[in-house]
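Chemist: just need the structure, nothing else, for what follows:
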Amino acid sequence: MGARRGLGVVALAIALAGTGCSAGIGEPDSGDPDSALAGTWLLVSGRTADGPLVVTPDTHVTLTFDDDGMGGKAPCNDYGADYELDGDSFEVPGSGIERTLMGCGQEPEALESAYLSALTEVDTVTRDGDTLTMTGADDHLELRLQEPWPRADVVDRRWVLAAWTDDAGVVHRPTWERGRRPFVRLGQGGDTGGRISASTGCRVLEGRWLEWRGAPHVARAEWHGECPDRLMDQEMAVGNALSEPVLEVRERAGRTELVLRYAHGNGPAEVVYRR
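Modeler: Residues are numbered from 1 along each chain as shown. Sure, this is the predicted structure:
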């Protein structure tokens, strides 16, 4: 008997987060087949009847499965749907995939349309280690399991902005109004989130963050202050990255860096913090 998972959409944004497992989909001893899908997967490649999907190093498309359904972040929008799984057989039933309605440019929108169309049409799903393959008559998607965000390395630390990169790939040194040096801090407030405070260099953020789809997201925020024209580009870069962040902790030149990118960004833009 196939398992069915319901659509968990709040304002067309699905709170899906999970942890992967090593069970094979459709194997007799694998237990609940949905457990082999659990987690967040990153799109690596794909194709439809119209040709290959244009996936670049800057592409960040995710697919998350949990008990409430499936959903994720496409190039422009959040999306979600029910799904049915019976062994290796996969189906998106009913009304199909719902999504938010943000635009983001011709190429990202074309990728989003092709990806969501393929996700609707695939009828078989298999897992090989950290690789998930979804196939249909003319459609093929390959995804890689995403590692959990480095919560222990990020939370309860004050990170100071060291540099930011714009959409054209130009790196900028930060500047700020007096007493408003740009930083971010995620406080520990339990298993599901805590307080967040930040500065863009001119405006100050106070609010709360929640762990959502296996990553932190700002759930409530109040911004205070005004920005002069000279800081508006930095303000937008930092604000975008904080709104729906993709996090990476890395070591560079002996320093620990926290890198934030906007989840729906389709270019090199990022902000880099140091402790």
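Chemist: care to break this protein down by domain?
Modeler: Following automatic domain parsing, one gets these domains for the chain: 3-145, 151-274.
Chemist: ranking those by mean pLDDT, which is last?
Modeler: Least confidently modelled of these is domain 3-145, at a mean of 81 by mean pLDDT.
Chemist: now find how far off-centre that domain is within its chain.
Modeler: Computed by Cα atoms, centre = their mean, to the nearest Å, the separation of domain 3-145 from the middle of its chain amounts to 13 Å.
Chemist: quick one on the thing from earlier: want to throw the domains of the chain into CSV with mean neighbour count?
Modeler: Every C-beta, even on glycine, is put in place using the N, C-alpha and C of the backbone. Output for the domains of the chain, formatted as CSV (neighbours: other Cβ atoms under 10 Å):
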stretch, mean neighbour count
domain 3-145, 18
domain 151-274, 17
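Chemist: got the phi/psi numbers for the spatially closest residue to residue 97 that is not a sequence neighbour?
Modeler: Spatially, and ignoring its direct neighbours in sequence, residue 97 is nearest to residue 81 (4.4 Å; Cβ to Cβ, 6 or more residues apart in numbering). Main-chain dihedrals, residue 81, degrees, to the nearest 10: phi -170, psi 160.
Chemist: wait, residue 81 sits on residue 65?
Modeler: No - look at residue 81 against residue 65 with Cβ atoms under 8 Å: they stay out of range, at 10.7 Å.
Chemist: for this protein, identify the residue most remote from the centre.
Modeler: Here the chain reaches farthest from its C-alpha mean at residue 178, the gap being 33.5 Å by Cα atoms, centre = their mean.
Chemist: identify the bridge partners of the residue nearest to residue 97.
Modeler: residue 70 (DSSP bridges).
Chemist: how close does it sit to residue 101?
Modeler: With distances taken as Cβ to Cβ, to the nearest Å, residue 81 is found 16 Å from residue 101.
Chemist: can you check residue 90 too?
Modeler: 26 Å.
Chemist: before we move on, the earlier item: kindly confirm my reading that the residue farthest from the centre of the chain is in a strand.
Modeler: No - counting by DSSP: H, G, I helix; E, B strand; the rest coil, one finds residue 178 to be coil, located in no strand.
Chemist: hmm, who's touching stretch 191-202?
Modeler: Applying Cβ atoms under 8 Å, 6 or more residues apart in numbering, the external contacts of stretch 191-202 come out as 155, 161, 174-177, 180-189, 204-211, 216, 218-219, 221, 225-228, 231, 234-235, 238-239, 242.
Chemist: show the end-to-end separation of it, please.
Modeler: Using Cα to Cα, to the nearest Å, the end-to-end distance of stretch 191-202 comes to 31 Å.
Chemist: now it, how far from the chain's geometric center?
Modeler: 18 Å.
Chemist: kindly report the same for stretch 188-199.
Modeler: 18 Å.
Chemist: list the contacts of the residue farthest from the centre of the chain.
Modeler: When the contact criterion is Cβ under 8 Å, 6+ apart, residue 178 has no partners at all.
Chemist: and the next element down the chain from the helix of greatest length in the chain?
Modeler: Assignment by DSSP state H gives helix 106-121 as the longest helix of the chain. Toward the C-terminus, helix 106-121 is succeeded by strand 124-128 as the next helix or strand (DSSP states H and E).
Chemist: CA-only coordinates of that next one in CSV, if you can.
Modeler: What follows is strand 124-128 as a C-alpha-only set of coordinates in CSV (Å, rounded to 0.1, in the frame of the first residue of the first chain):
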residue,chain,number,x,y,z
THR,A,124,9.9,6.8,-10.5
VAL,A,125,12.3,7.8,-7.6
THR,A,126,15.4,5.9,-6.6
ARG,A,127,18.1,6.6,-4.0
ASP,A,128,21.8,5.7,-4.2
